[in-house]
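Colleague: pasting the sequence and the predicted coordinates here, then a few questions.
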Amino acid sequence: MSKKKKAKNNKQNSSQPVLSDKAVRVDSFASEDEAKSPAKIKEEEKKPSKEDKAQEKQKAKVDKKKKNGKEKGGLRRKTRETFAELKKVTWPSFADVCKKTGVVLVVVLIFAVVIFGIDYGLGQLMNLLR
């Protein structure tokens, strides 16, 4: 027989039972009393391992530091991050800045004239009422 046929026969002849999600596995050496019930299996799954506990403690320490606002190298790190972000900024050319500044000044002057006109007109109406 070829290796493929032997492997196929071994798979078909294997005596391992196929377990569904709801089935409880009972070892051949354990009695039914010693077998784990689904409730016990779920309890064991819920119990955190030592690694999980260590991770939770580490997260608690980090959260505590964040609440206190005291992280090591906080100001230095923030300064580095700020400069890194400023390097990513696309700065406008001088000509663009001058054009946009001119537009802002013109709009401010137009609004100043409009507000002055409204103020003057309302002032004249108040003088007529007196």
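Modeller: Now that the structure is in, tell me what you want to look at.

Colleague: buried sites along stretch 118-130?
Modeller: Buried residues in stretch 118-130, counted by 16 or more other CB atoms under 10 Å: none are found. Backbone N, C-alpha and C define where each C-beta goes, glycine included.

Colleague: tell me the average confidence for that stretch?
Modeller: For stretch 118-130, mean pLDDT rounds to 95.

Colleague: just the C-alphas of it, formatted as PDB.
Modeller: Below are the C-alpha coordinates for stretch 118-130, written out as PDB (Å, rounded to 0.1, in the frame of the first residue of the first chain):
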ATOM      1  CA  ILE A 118     -26.200  99.900  11.100                       C
ATOM      2  CA  ASP A 119     -25.000 101.600  14.300                       C
ATOM      3  CA  TYR A 120     -25.200 105.000  12.800                       C
ATOM      4  CA  GLY A 121     -28.600 104.400  11.400                       C
ATOM      5  CA  LEU A 122     -30.000 103.100  14.700                       C
ATOM      6  CA  GLY A 123     -28.400 106.100  16.500                       C
ATOM      7  CA  GLN A 124     -30.200 108.500  14.100                       C
ATOM      8  CA  LEU A 125     -33.500 106.700  14.800                       C
ATOM      9  CA  MET A 126     -33.000 107.000  18.500                       C
ATOM     10  CA  ASN A 127     -32.300 110.800  18.100                       C
ATOM     11  CA  LEU A 128     -35.600 111.200  16.200                       C
ATOM     12  CA  LEU A 129     -37.600 109.400  19.000                       C
ATOM     13  CA  ARG A 130     -36.200 111.800  21.700                       C
END
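
Colleague: number of residues surrounding residue 55?
Modeller: Using other CB atoms under 10 Å, residue 55 has 12 other residues around it.

Colleague: where does residue 92 sit: helix, strand or coil?
Modeller: coil (DSSP: H, G, I helix; E, B strand; the rest coil).

Colleague: ok, now which ones touch it?
Modeller: residue 100 (CB atoms under 8 Å, 6 or more residues apart in numbering).

Colleague: alright, calling it a day.
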